[in-house]
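[1] I would like to see how this sequence folds:
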Amino acid sequence: MEPKVLPIPQQAEQQAPEPNDASLAQQAAQGDKRAFEALYLRHHKRIYALALRLGGEPSLADEILQESFVRMWHKLPQFRGESQFGTWFYSLALNQALTTLKKHRSFWARMVPDWQIQQAPEHAQHDDGLLLDRLIVRLPERARLVFVLFAVEGFSHEEVASLLGISTGTSKAHYHRARELMKEMLS
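    The predicted structure is shown next:
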């Protein structure tokens with residue numbers, strides 16, 4: 001009886017592990033444009049979704065997205081890796097969004113009547129999956145900001161109040177108002 005010959009396992013192709021965000025941030029901070037592009041590809045959808053919900057219109061979301069990545073590029077040397085890169089960048093993008101909205105609010109308040117600002121964009125699709133986003137766009141700005149930060153992004157009312165420079169009670173009131181307005185829109 002011949003001994004059984006066991007096949008020799010072939011080595012799987014060794015693929016270099018995909019770099020994590022922290023190492024990409026370090027490389028991008030040193031001027032590596034490919035590392036920056038990789039960070040963009042990993043994070044642009046989440047930041048755009050935040051910007052669209054907060055800003056309420058695609059052109060403003062595009063502006064916030066672009067300004068957020070420009071700001072990130074300039075601030076990369078300050079990233080120390082003490083927190084997750086995604087958390088650090090999200091916070092930076094959120095602050096950028098609030099700054100951009102404040103800048104636009106003062107411009108549009110002088111140029112466009114309130115009733116035109118509150119209209120939902122014409123291109124909004126009628127897909128049930130986008131119903132929440134369509135309703136959010138129609139909320140008054142403060143109620144929209146609080147609703148998105150609290151209900152969609154998961155911040156506490158204390159955190160929302162701190163981010164927006166309002167009291168916790170005011171945050172709760174705006175959230176309640178947003179919910180009531182959305183209920184009315186659904187009925």
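
[2] Walking through the chain, point out its helices one by one.
    Using DSSP state H, the helices found in the chain span residues 21-29, 33-55, 58-75, 85-111, 114-117, 131-137, 141-147, 157-164, 168-186.

[3] rank those by pLDDT, which is bottom?
    Lowest mean pLDDT within the helices of the chain: helix 114-117, a mean of 41.

[4] sorry, back to before: name the stretch among the helices of the chain that sits most buried.
    Mean neighbours per residue, mean count of other Cβ atoms under 10 Å, is largest over those for helix 141-147, with a mean of 22. Just so you know, the C-beta spots here come from the backbone N, C-alpha and C atoms, and that holds for glycine as well.

[5] Show me what that one is packed up against.
    The elements that helix 141-147 packs onto, with contact taken as 3 or more Cβ pairs under 8 Å, 6 or more residues apart in numbering; DSSP states H and E, are helix 33-55, helix 85-111, helix 131-137, helix 157-164, helix 168-186.

[6] cutoff 6 Å now
    Contacts defined by 3 or more Cβ pairs under 6 Å, 6 or more residues apart in numbering; DSSP states H and E place helix 141-147 against helix 168-186.

[7] quick check: angle from the helix it packs on to helix 157-164?
    Calculated by axes from the mean of the first three to the mean of the last three Cα atoms, to 10 degrees, helix 168-186 forms an angle of 100 degrees with helix 157-164.

[8] what comes into contact with helix 168-186?
    135, 139, 142-143, 146-147, 150, 157-158, 160-161 (Cβ atoms under 6 Å, 6 or more residues apart in numbering).
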